[in-house]
Structures are given as structure tokens and as C-alpha cells.
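J.: need a 3D model of the following:
(one chain, ligands or ions: 4)
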Amino acid sequence: MAGGDLKIIDKAEQGSGYDPQTEADRRAQFCIVQSLQQRFKNINIIGEEDDTTACPELESGFSEDVLLTDRLLSNELREIKESEVVVWVDPLDGTSEVALAVKNKNLALLEQVTVLIGVAYKGRPVAGIIHQPYHADNGRTVWAIRGCGVHGLAPATENTKKIVVTTRSHLSESVSSALDALKHQNLADSVEKVGGAGFKVLKVLEGCAAYVFASAGCKKWDTCAVEAVLSAAGGRLTDISGRDIRYEPDVQVNNTGGVLATASWVAHQEYINTIPQEIKNNLPEIVSKK
Ligand SMILES: Nc1ncnc2c1ncn2[C@@H]1O[C@H](COP(=O)(O)O)[C@@H](O)[C@H]1OP(=O)(O)O
Ligand SMILES: [Mg+2]
Ligand SMILES: [Mg+2]
Ligand SMILES: [Mg+2]
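T.: Numbering: from 1, shown residues only. Ligands and ions are numbered 1, 2, ... in the order given. Here you go, the predicted structure:
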């Protein structure tokens, strides 16, 4: 961004919209993957980007805060072997928003950018990091480990209004129909369109009722970290039919069943029940492997 050229590559197949990758995505993935591999030789890391750019500064330190939760850690998690760990990395979530922020000189959009690192064990998320580099003056890091609470943010426990967040850049007929059905049942008093899976889950943690994406396109690296953090806060994240999303290393990377994330203070099942069956039928469960 400082150099004025994001070096954007459009990853979308012809005729299938716009899927930008910038030099920031490539460098951040290199940094995260190499830094993790340097410390943990045998973990399986799956990142969004196929192409990366070498970045000289790796991270060798770690947050001392994590050690403070040590006494809360279950024996099961304490005994995990490196080879059982799958880390899902989204080096930059909200790339379209970065591109738009620079193009329109609208730096407020940068708030929607996050870095997502999710840790899965036995196919389910056990820890997650949502880093928001452009929050307030210095950014913030929100993280959770199963059984050890949510850190970096105090999750909202109620709200008088049910605000639902959804996609800004991937709206479709099925997304709109699902939202209409929720409005009809008073499960969505208002709808806000914002970018990024990470940012939408931060909104849910901070007082929105739900994040609804009744469409395919979102991937495992978009949901692994955020599911870990949201469930540690008492919320739920599933596909729009209420099925758990799986994070084994050989699973299909697309969340073909869509995404529904709800805050701790709303009934997830009511949202699931309200989304029309026809929409659910068009977003089947992932059966095929990668
Ligand atoms: N059709 C798609 N193709 C590629 N990525 C998608 C698509 N739909 C959603 N995503 C990813 O999910 C995130 C949330 O989607 P949305 O902002 O539309 O709600 C996006 O920021 C993008 O992640 P990324 O920015 O990491 O590529
Ligand atoms: Mg992307
Ligand atoms: Mg993403
Ligand atoms: Mg990304």
C-alpha cells in the first residue's frame, strides 16, 4: 500500500467474478507459513494462496499471554501431536476491501481486513486467531483456545436489535432470499453489508446477531479461525443447513453449504429453520475430497 501498487492478480476463472490477490496476500502467507514451520516442523499448514513472495522478516517470538491460559488447557489438547494439527491460514481476509480502499482512497474500509489463523484437530477447530491490523490506532488480535476463553475482545452477551451482517461483494439471489426469510420471521431487524469473514465474525462478537452467507465461495481458511473464536464465546458457526464444517487436511476446501454464524444470545437453530429448504437444497454438503 505504501508503494502505491498492490500488484493485483485476479485469481477468478474466466466469467466467475473477481477474486483478487495482492502482494500483501503473497507476503503475509509466506511470513506466516515459514514462521510456523520454523517452530513446528510436522504440522500440516494449508494456506489460501498458491503463490507467495519471500518476505525476509519471520516471526520467531510468541505471545506470553497464551501461557497465562495454560492451567485451563484440557489434557486432550495438551497431548496433541504436531502431526495431528492442521492449520488453516488466510493471510489476508478482505482482499477486495483492500483493493477498493486503495482505489477509492477510502481508508475506512481497511477496518474490514483481517488475518486468520485457525488450528484444527480431529477435523474441528480448537484454536483461532483473528488479527485486525487496522483497528483503532495499533490494530488488535482476538484469539481463543478451546476451554481457555476469548482474548482481545469482550464478547457481547445481548442486544435489543438483531442486526445481521452479510457479504458486501458476493451478493446473490440466494443470499437475498435467505435474508428476506429471516426478516420475515423477525430474526433480522436490519442488514449490514460488510467485507471479510473475519470482520463479520468480529461484528457478531461485538453485538450483531448473525452472519449469513447463503452461497458457496467461502473457504475453510475463512471459517476455521473464526469458528474457534466464536464457539469459545458461546456462539455457533455451521453451514446454512446446520451441519458442522470439517477441517481435515484432505477435505474439500470450499464451504459449499454456505455459512451461518450466530452470537451466543440468539438461537442458532431458529435461523437454520427459517432459511428456506430450496436454498439449502442448492447448497449441498461437502462429500468429495480435494
Ligand atoms: N466467491 C468467492 N471467491 C473467493 N473468495 C471468496 C468468495 N466468496 C467469499 N470469499 C472469501 O470469503 C470472504 C468473505 O466473503 P464476503 O466478503 O463476500 O462476505 C472474502 O473476504 C473472501 O476471502 P479473501 O478476501 O480472503 O479472498
Ligand atoms: Mg482471496
Ligand atoms: Mg478470506
Ligand atoms: Mg484471503
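
J.: so residue 225 is in contact with residue 196, correct?
T.: No. With contact defined as C-beta atoms under 8 Å, residue 225 and residue 196 do not form a contacting pair (11.9 Å). For glycine as for every other residue, the C-beta is placed from the backbone atoms N, C-alpha and C.

J.: excluding sequence neighbours, find me the nearest residue to whichever residue of the chain sits closest to ligand 1.
T.: Among all residues of the chain, residue 217 sits closest to ligand 1, at 2.8 Å; criterion: C-beta to the nearest ligand atom. Distances taken as C-beta to C-beta, 6 or more residues apart in numbering place residue 170 nearest to residue 217, at 5.6 Å, with adjacent residues excluded.

J.: burial measure for the one you found, as a count.
T.: The burial metric for residue 170, expressed as a neighbour count using other C-beta atoms under 10 Å, is 18.

J.: what's the answer for residue 270, then?
T.: The tally of other residues near residue 270 (other C-beta under 10 Å) stands at 14.

J.: who touches the residue lying closest to residue 6 once chain neighbours are set aside in this structure?
T.: The spatial neighbour of residue 6 that comes closest, neighbours along the chain excluded (C-beta to C-beta, 6+ apart), is residue 22 at 4.1 Å. Contact analysis of residue 22 by C-beta atoms under 8 Å, 6 or more residues apart in numbering lists 6, 7, 8, 9, 92, 95, 98, 99.

J.: ok so the last one is a helix residue?
T.: Yes. Secondary structure assignment places residue 99 in a helix (DSSP: H, G, I helix; E, B strand; the rest coil).

J.: who's the spatially closest residue to it that is not a sequence neighbour bridged to?
T.: Sequence neighbours aside, residue 20 is the residue nearest to residue 99 in space, at 5.1 Å (criterion: C-beta to C-beta, 6+ apart). According to DSSP bridges, the residues that bridge with residue 20 are residue 10.

J.: what's the neighbour count on residue 20?
T.: As a burial measure, the neighbour count of residue 20 was computed by other C-beta under 10 Å and equals 16.

J.: so what's it up against?
T.: When the contact criterion is C-beta under 8 Å, 6+ apart, the partners of residue 20 are 8, 9, 10, 11, 95, 96, 99.
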